[in-house]
Structures are given as C-alpha cells and as structure tokens.
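>>> I'll drop the sequence and a predicted model, then ask my questions.
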Amino acid sequence: MEVTNELKLELKKLVVDTLKIPDVLPEDITDDENLFEGRLGIDSVDALELVMALQRNYKVHIDDQNLGRFIIKSINTIADFIAKEQSKL
Amino acid sequence: MSSVEFTHKMSAHCESGTLAALLNHKGLPITEQMIFGISGAFFFAYLDTKQFTFPQFVVRSQPGDMRVHIEKRLGMKLVKEKFTDPVNALANTDDLLNRGIPHAVQVDMFYMEYIPKYMKAHFNGHFITVVGKEGNNYLVSDGYYPSIVTLSSEAMEMGRFAKGSLAPKGFTFYPESVKSASDIDWKKQIYAGIKQVVFNMTKIPIPFLGVKGIRKFANEVTKWHLKTRDIDHLSHEITTIHIILEERGTGGAGFRFMYASFLQEASKLINNPALSDMSKKMMENGDNWREISLFVARISKNRELDAGKMNELKNMILARADWEETFFKELGKIVK
C-alpha cells in the first residue's frame, strides 16, 4: 500500500475525531508537525487512544509503546507505518 | 575517539533490550522477548507497605533477577561491577571502550539528554549500552530511541550516580562469555522460564503475589479514595495505573504483549504449536489490559472517580485475574 494524500487526510480526521480536538480541522494539521510537541500537544493518554484507534481502523497492532511514540509522532510517520503494515497483509 | 561497531535496535524494555543487544554483539542471536520469557521475568505483585508512600504494583520480577536467571539458563558469564567513585566508573567505561567492549550501564533516565522533554521522568532503573566515545561525548545505544545517540560525560556521570530509590551506583555489566545457539538446550530453558512464571503467578501462597495479587489490587483500588487527600490526589494515583502498564517500558499492557511474542517465538524455535495458540490468547489478554489502561486514564482525566466507576475498574481487573489464572494453569500443563 502506498502513502497517499487521501490516507493522510483520513489519518488527520482520525486524530481529530479520536482525540476530540476542539477548534482544529483535519486539513489544518500539517503532515510533518509533531503531534506531541507542537500545538496539538497530545499526551500519553491521547497517544494510547490514538494507537487503539489505529489498531481498530487499520487492523495493525502496535505492541511496543516506545516504538508507538515514534510511529505516532506525525501524520507522515503514521502514514508510513500504516502503508508498510498494510503491504504485509 | 573509540567506537565499537554495534548494531542498534529499539527495544520495548531496557533491561531485556540491552541484554539482547549485548548478546547479539557477542554472536548469540536472541531477541529481548526470548530473554524476557526464558528469564521468567513476567510477574505481578501488589505492594502496600510503609516502604511506599502509596500502594503500587509491579509487573515484572525484581531488579537483577532477569540477569541472574538468563546467565544460568543460557550458560553465560556476565561481568558486573558497581562503583562508588564516578571518576573510576568513567575510567572503567573508557577502558572497556578502548578494548572494544560495549557494556550496559544503569542510569537515571532523566539525565539522558537525547530523550524528548515530553518523555523525561526520573527513573533510576534505566539501562543503556555504551558503544563509543568522541571527545567529551559517549556514543550510546538506548533501546528507547531510534538511533545511536551522544551523551555528554557530565550527563553520563549524573545519570550513573543519581540518588534515590534503586540508585544506579555506577552499575555496569557486559557478557564475558556466551554459549553458541547450537549449544543451548532451548526447549529445556524455555520450559524452565515458563514453569517459573506459572509458579509465580498461580502457586505462590502469598496473597499479594501473582493472580492473588491481581485480585488484591482489584479489591483494594476501590478503597484508594480513603488513602488520598482529595480527588486530585486520587486522580494522580489512578493515572499511575496507566503509567505502570503502558509507560514504564513494559512493551505495552504490562508486559503481556512481550510475553505473547516470547510464546510465539518459542513455539517456532522448539516446534510446539500449542505455545503459538497460547501466544494468541495472551495477545488478546494484552488488549484487555490495555482497555484497563485506557479506562483509568479516561476516568482520571475526567475526574470520574465515583464508586460506580471504581467498581467497574475492580471488575475489569478481577476478570484479568480469573483469565490469567486459567491461562497459566493451562500453560503449565503444556510444559509439564
């Protein structure tokens, strides 16, 4: 599976919906902004919510929370991970 | 400058990760999941003594146990040393590097300069592998980070000699001799590790250990409000459940995912399909523990800590205790 703009927008919608981020539209999230350190400032609880949402929606499994933090660092890193995992299916 | 050619890998748990990295370097191909499983490190204890300011629980065996058991079961020799003087500790590190020996050191994670701010916390039980030195900076392989990083000598000293509980005291170790994979009776050692966990989780007659400990935790958590000053304090302590299960290098769900991976690998290595079935079950169990992590994080964040929610939490944890008791008894029969 390739990383497409469609996938990235889908992920941005997932981030906003899962984390219930007010006043932020999916299109406002840039592909490479750091979801932890940037203006969205997600915390470890948000990270777990996001990991579980990704698992449900994309049939992937992120066991390792250390690795998980680097996977969900930005929309780009999430998209790369999803594309790579989907290619294995 | 001194540097060892070292293959860096991210790891879920620092102690098993450094052991795996060092053993791989010495020519024994082994994963951290196998180290975790063979050493019998999977455990549960609910601790409520004067030693702690608040009840807490642990999800692995005590510090040092993993190294003791893996040394014995893999027939290897670890060189271990502690130092009282930072000068001697760093001189020892420099000497080992000059001799081309990468080695693990115990540190307070807070002083690791490369760790992003949002991940920083004081924790004296973190392990990293020192693999080189350039000028004043050490080259370090930290399994919690995606690549080899630099750490100043000052930060190395502060990390290795931080004070407090589980103080590192300059502790360092490296494997001196390692058996080759073909000389290890893998079935015997895998079974030994599993039997140890089965015993610890289901047979120890102590009410706060193993599945008895999980049940005690479930029942006690509904009384935590009697031990806290106010709702904010209770919220903090409830959040700690999430942190222990997910954030303290457990690989997620309090080591359940790591144990599932171990069972899967073990199944392939010794050609025992029953262990693969058990691996799948443990993976699902891990997902259920993760639901608990998320539940406590949500109720804590929203301050929904009434009796109803706490009873719900209690029942979720009791369900895990019942499940794990059945699981480990079944696992025990497989490796009999």
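Ah, there it is.

>>> If we look just around chain A, which residues of chain B are in range?
Counting by C-beta under 8 Å from any C-beta of the partner chain, chain B comes close to chain A at B:10-12, B:116-119, B:143-144, B:146, B:242-243, B:246-247, B:249-253, B:257-258, B:260-261, B:283, B:286, B:290, B:293-294, B:297-298, B:301. (Glycine included, C-beta is placed from N, CA and C.)

>>> filter the residues you listed to the buried ones?
Neighbour-count burial (16 or more other C-beta atoms under 10 Å in any protein chain shown) applied to those gives B:10-12, B:143-144, B:242, B:246-247, B:249-253, B:257-258, B:260-261, B:283, B:286, B:290, B:293-294, B:297.

>>> Let's see which of the residues you listed end up in helices.
Using DSSP state H, the subset of those located in helices is B:242, B:257-258, B:260-261, B:283, B:286, B:290, B:293-294, B:297.

>>> Those into CSV, with extra columns for pLDDT?
Formatted as CSV, those follow (pLDDT from 0 to 100):
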residue, pLDDT
B:His242, 91
B:Phe257, 94
B:Met258, 95
B:Ala260, 96
B:Ser261, 95
B:Met283, 94
B:Gly286, 94
B:Arg290, 93
B:Ser293, 94
B:Leu294, 93
B:Ala297, 92
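
>>> Which two among these are spaced furthest apart?
Spatially, the most separated pair among these is B:Ser261 and B:Ala297, at 24.0 Å (C-beta to C-beta).

>>> Excluding covalently adjacent residues, which one is nearest to B:Arg290?
Among residues not flanking B:Arg290 along the chain, B:Ala253 sits closest, at 4.8 Å (C-beta to C-beta, 6 or more residues apart in numbering or on different chains).

>>> I should have written A:Lys59 there, sorry.
A:Lys59 sits nearest to A:Leu89 (C-beta to C-beta, 6+ apart), 7.3 Å away.

>>> The one you found touches A:Val60, doesn't it?
No. Using C-beta atoms under 8 Å, A:Leu89 makes no contact with A:Val60, being 9.2 Å away.

>>> Those two: who's more crowded?
Shown here are A:Leu89 and A:Val60; by other C-beta atoms under 10 Å in any protein chain shown, A:Val60 has more neighbours (17 against 8).

>>> any idea how far B:Phe173 is from the more buried one?
36 Å (C-beta to C-beta, to the nearest Å).

>>> what does chain A have sitting close to chain B?
Residues of chain A lying near chain B (C-beta under 8 Å from any C-beta): A:36-37, A:43-45, A:48-49, A:52, A:61-70.

>>> and if we set it to 7 Å?
Residues of chain A lying close to chain B by C-beta under 7 Å from any C-beta of the partner chain are A:36-37, A:44-45, A:48-49, A:52, A:63-67, A:70.

>>> farthest pair in those?
It's A:Glu37 and A:Asp63 that sit farthest apart of those, by C-beta to C-beta, at 24.0 Å.

>>> Who has more neighbours out of those two?
A direct count of neighbours by other C-beta under 10 Å for A:Glu37 and A:Asp63 places A:Asp63 higher, at 22 against 13.

>>> which residues does the nearest residue to that one once chain neighbours are set aside contact?
Take A:Asp63 and drop its neighbours on the chain: the residue closest to it by C-beta to C-beta, 6+ apart is B:Phe257, 3.6 Å away. Shown in contact with B:Phe257 (C-beta atoms under 7 Å, 6 or more residues apart in numbering or on different chains): A:63, B:251, B:283, B:286.

>>> what do you get if the cut-off is 10 Å, keeping everything else the same?
Each residue near B:Phe257 by C-beta atoms under 10 Å, 6 or more residues apart in numbering or on different chains is listed here: A:61-65, B:12, B:33, B:250-251, B:282-283, B:285-287, B:289-290.

>>> Spell out which helix or strand contains B:Lys131, please.
Not quite, residue B:131 is Val, not Lys. B:Val131 belongs to strand B:126-134 when assigned by DSSP states H and E.

>>> Parallel or antiparallel, which strands does that strand pair with?
Paired neighbours of strand B:126-134 in the sheet (DSSP bridges): strand B:2-3 (antiparallel), strand B:103-107 (antiparallel), strand B:137-141 (antiparallel).

>>> and the angle for the next helix or strand after the shortest one with strand B:126-134?
Once strand B:2-3 ends, the next helix or strand along the chain (criterion: DSSP H and E) is helix B:14-25. Angle, helix B:14-25 to strand B:126-134, by axes from the mean of the first three to the mean of the last three C-alpha atoms, to 10 degrees: 50 degrees.

>>> Remind me what helix B:14-25 packs against, helices and strands.
On a contact count with 3 or more C-beta pairs under 10 Å, 6 or more residues apart in numbering or on different chains; DSSP states H and E, helix B:14-25 meets helix B:32-38, helix B:65-74, strand B:103-107, strand B:126-134, strand B:137-141, strand B:172-177.

>>> Could you export the fourth one as PDB, CA atoms only?
Taking C-alpha atoms only, strand B:126-134 is exported to PDB below (Å, rounded to 0.1, in the frame of the first residue of the first chain):
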ATOM      1  CA  HIS B 126      17.100   2.500  33.100                       C
ATOM      2  CA  PHE B 127      19.800   0.600  31.100                       C
ATOM      3  CA  ILE B 128      21.700   1.800  28.100                       C
ATOM      4  CA  THR B 129      24.600   0.400  26.200                       C
ATOM      5  CA  VAL B 130      27.800   2.400  25.800                       C
ATOM      6  CA  VAL B 131      29.400   1.800  22.400                       C
ATOM      7  CA  GLY B 132      31.900   4.600  21.800                       C
ATOM      8  CA  LYS B 133      33.400   7.900  22.700                       C
ATOM      9  CA  GLU B 134      34.000  11.000  20.700                       C
END
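
>>> Could you check chain B and say which of its helices or strands has the lowest average pLDDT?
One helix or strand of chain B scores below all others by mean pLDDT, DSSP states H and E: strand B:2-3, with a mean of 76.

>>> which residues touch it?
With C-beta under 10 Å, 6+ apart, strand B:2-3 has contacts from B:94-100, B:102, B:131-134, B:138-139, B:148.

>>> Specify which member of these is nearest to B:Ala181.
Closest to B:Ala181, out of all of the contacts of strand B:2-3 and judged by C-beta to C-beta, is B:Pro102, at 19.8 Å.
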